[in-house]
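Trainee: Compute the structure for the input listed below.
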Amino acid sequence: MIDKNLLVHLESYLTEARMEKFHRVLSQRTKHFTVATEDVYQLHNTSAVIRSCDVFGIQEVSIVEERNTKRIDREIAMGAQKWVDLNRFHSVKECIVDLKTRGYQIVATSPHQKDCDLNDFDISKKSCFFFGRETEGLSEEVLNAADCFLKIPMVGFTESLNISVSAAIILQHVTTKLRKSNIDWQLSENEMLEKRLDWCKKTIKSYDDIINRFYQSKK
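Mentor: Predicted coordinates:
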């Protein structure tokens, strides 16, 4: 349970502009859609996907690292890793179980005989968009678990896009439609409070000392 008095106290250390930005950004955040990357080899690709998630208001990203375990490229992510929640998994199975337990359908972003064109995608369902390895694409495990297959319409000679570009295109499209809909897509009040507290922790220097002094003053 969030201590609202503590939160108010912590936010008093923020500038008015920073606090207004927190509230403005949070009002556009969603967990209705989320993203998962599967063993992406190039570090900058995962980092760029995280950056796109932040830009388009996606609060959570799941990163599967069965083969490739690397740190996020902070320069490319441009600090987005501070504001987006990263859920790391050592196996695809573990990730899929977690997502399905939380009510997400698995959307494989891969051409398939039963695929759905991006323009026709049903935004009403909670969905996780899975992006695979640069050369191999998504694993059979993801494809077999997928509830839906999604493709981006392409009319040129090239048959595929870089995964970070694909993620940006898909997220821009589905989040724009989502915000124009009547779907309840925003974070809950408690989720917003949790993020405000989390972002204060990541912003305020001497955070722990301030908290200790706050509770000592209450004794």
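Trainee: wait, residue 6 sits on residue 212?
Mentor: No - at 11.4 Å, residue 6 does not count as touching residue 212 under the criterion of CB atoms under 8 Å. Every residue, glycine included, has its C-beta placed from N, CA and C.
Trainee: The helix or strand hosting residue 96: which residues count as buried?
Mentor: Applying DSSP states H and E as the criterion places residue 96 in helix 92-101. Taking 16 or more other CB atoms under 10 Å as the neighbour-count basis, helix 92-101 is seen to contain the buried residues 92, 95, 96, 99.
Trainee: Kindly tell me how buried the residue nearest to residue 29 when sequence neighbours are not counted is, as a neighbour count.
Mentor: Taking CB to CB, 6 or more residues apart in numbering as the measure, residue 29 lies nearest to residue 59, with 4.8 Å between them; neighbours along the chain are not counted. By other CB atoms under 10 Å, 20 other residues sit near residue 59.
Trainee: separation between residue 59 and residue 133?
Mentor: Summarising the geometry, the distance separating residue 59 from residue 133, computed by CB to CB, to the nearest Å, is 25 Å.
Trainee: ditto for residue 31
Mentor: 26 Å.
Trainee: just residue 84 next, same as before
Mentor: Summarising the geometry, the distance separating residue 84 from residue 133, computed by CB to CB, is 21 Å.
Trainee: Which residue of those two possesses the greater neighbour count?
Mentor: The residue with more neighbours, out of residue 84 and residue 133 and counting by other CB under 10 Å, is residue 84; that gives 22 against 18.
Trainee: Hmm, that one is touching residue 62, no?
Mentor: No - taking CB under 8 Å as the contact criterion, residue 84 and residue 62 are not neighbours in contact, 11.0 Å apart.
Trainee: Let me know whether the residue nearest to residue 29 touches residue 33 as I believe.
Mentor: No - Residue 59 sits out of contact with residue 33 when judged by CB under 8 Å, with a separation of 9.3 Å.
Trainee: Which neighbours do the two have in common?
Mentor: Any residue near both residue 59 and residue 33 by CB atoms under 8 Å, 6 or more residues apart in numbering counts here, and not one turns up.
Trainee: mind checking which helix or strand of this protein has the lowest mean pLDDT?
Mentor: Within the chain, judged by mean pLDDT, DSSP states H and E, the helix or strand with the poorest mean is helix 74-77; its value is a mean of 48.
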